[in-house]
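A.B. asks: Build me a structure from this.
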Amino acid sequence: MKNIKLKMIENVFPNKDFSQNFLLDLSVIQKIMTCLTPHKKHFFLEIGPGLGALTIPICNIVKNIAVIEIDMRMINILKKKLANYSVKFINANALYFNYFNLLNLNKNKLIRIIGNLPYNIATKLIFVLLDTIKIVYDMHFMLQYEVACRFFASPGTHFYSRISVIMQYYCDIKPLFIVDANSFFPVPKVKSYFIRLKKKKKQYPKVNIKMLNLVTKTAFSERRKYIKNSLSNLFSANTLCKLHIDPLLRPQNLSVVDYCRLAQYLDS
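C.D. replies: Sure, this is the predicted structure:
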C-alpha cells in the first residue's frame, strides 16, 4: 500500500504549511463526481486542486475550468497532465483572490466552486466566498468533520454556533457524505465531510451583516450564560422580551431568525 501511495503522489512531498492532504480513494472521487453532475457548459473553479484527483475527471466533461493553487509545484504538475485541456491556472492565495475577476473568463455566467479545503483556513475562506455568493451557482467542499457539522447544525445542538448562524443566513447547506481519513495521504487525524452550499432560496429577513456578526460573536463568546447576561451590553432584558426572545435562553437556543431580529434592532 505504501508503494501505491508514493506513486500516486508522484514523489511530491505534501507541504505541511499548506495543510496538504491528497485525495487517493477512487470510490470517493466517483461519489463526488456523482454529486457534482457536471455539464460541459458549466464553469468550474477548483480551489487547491493538488495533483488533480478531481480536476482531471472534471476536465473530461466540462470545457471551462479555473484552478487556484498556492503551491507552484502542483501547478507545474497539472500543466503537464492537463496540457490538452483548456484550464486557467492561477497561482494565488485563495484567501486574498478577487473572485469577481473570474466573470471575464465565464462570460458572466454563475460559477461552480469545488475544493478539498485545508483545515486551517477552511472556515475563513468560505466566509470570504460568501461575499461573492451572487456570482456563485453552488459550492462543494471537503471539510473537517466537526467544521462541516457546525455549518448545518440546528439550534440547541452541540455543534450549533456563530458559524452555524452566519452560514445558514447565506446558504442552504446539504451534508452529502462522510469520508474516512484513510482516503487521504498523508492520513489526517480526523474524518471529513463532503457538503454542498447554495445561495438560500427562502431568504431570512434582510440584515446588516456587520450587526449580525456583532450579535453572534458577542453571544457565543459566553455560550454557557443566559443571553440576558451575554448580550447585556447590547440589549436589556426588557428589550429582549419586546423582541419576543426569552432572556433566559442560552445563545445556542436562539434560531437564525432570532439573531436576525436582534441584528435588525441594533441597526435601527
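A.B. asks: any idea which helix or strand carries S154?
C.D. replies: Using DSSP states H and E, S154 is not contained in any helix or strand.
A.B. asks: ok, it - how many residues close by?
C.D. replies: S154 has 11 neighbours, counted by other CB atoms under 10 Å. All C-beta atoms are positioned from the backbone trio N, CA, C, and that covers glycine.
A.B. asks: excluding its backbone neighbours, what's nearest it?
C.D. replies: Leaving aside its sequence neighbours, S154 sits nearest to Y160 (CB to CB, 6 or more residues apart in numbering; 6.3 Å).
A.B. asks: What are the phi and psi values at that neighbour?
C.D. replies: The phi and psi torsions at Y160 (degrees, to the nearest 10) take the values phi -70, psi 130.
A.B. asks: Ok, L262 next?
C.D. replies: Residue torsions, per degrees, to the nearest 10, at L262 are phi -70, psi -40.
A.B. asks: Wait, the residue nearest to S154 touches A153, no?
C.D. replies: Yes: checked against CB atoms under 8 Å, the pair Y160 and A153 is within contact range at 4.2 Å.
A.B. asks: still on that earlier bit, residue contacts, the residue nearest to S154?
C.D. replies: Residues counted as contacts of Y160 (CB atoms under 8 Å, 6 or more residues apart in numbering) are R150, A153, S154, Q252.
A.B. asks: First-to-last residue distance for stretch 43-58?
C.D. replies: Using CA to CA, to the nearest Å, the end-to-end distance of stretch 43-58 comes out at 10 Å.
A.B. asks: how about it: buried residues?
C.D. replies: 43-55, 57-58 (16 or more other CB atoms under 10 Å).
A.B. asks: Stretch 109-117 now?
C.D. replies: Counting neighbours by 16+ other CB under 10 Å, stretch 109-117 gives I111, R112, I113, I114, G115, N116, L117 as buried.
A.B. asks: What residues are bridge-paired with the first one?
C.D. replies: I take that to be I111. Beta-bridge partners of I111, counted by DSSP bridges, are V136.
A.B. asks: From N213, how far off is it?
C.D. replies: For I111, the distance to N213 (CB to CB, to the nearest Å) stands at 25 Å.
A.B. asks: One more: the third one?
C.D. replies: With distances defined as CB to CB, the gap from I113 to N213 amounts to 22 Å.
A.B. asks: Please report how far the closest residue to V12 other than its chain neighbours lies from S154.
C.D. replies: Counting by CB to CB, 6+ apart, V12 lies nearest to R73, which is 6.0 Å off, once chain neighbours are set aside. Per CB to CB, R73 is found 42 Å from S154.
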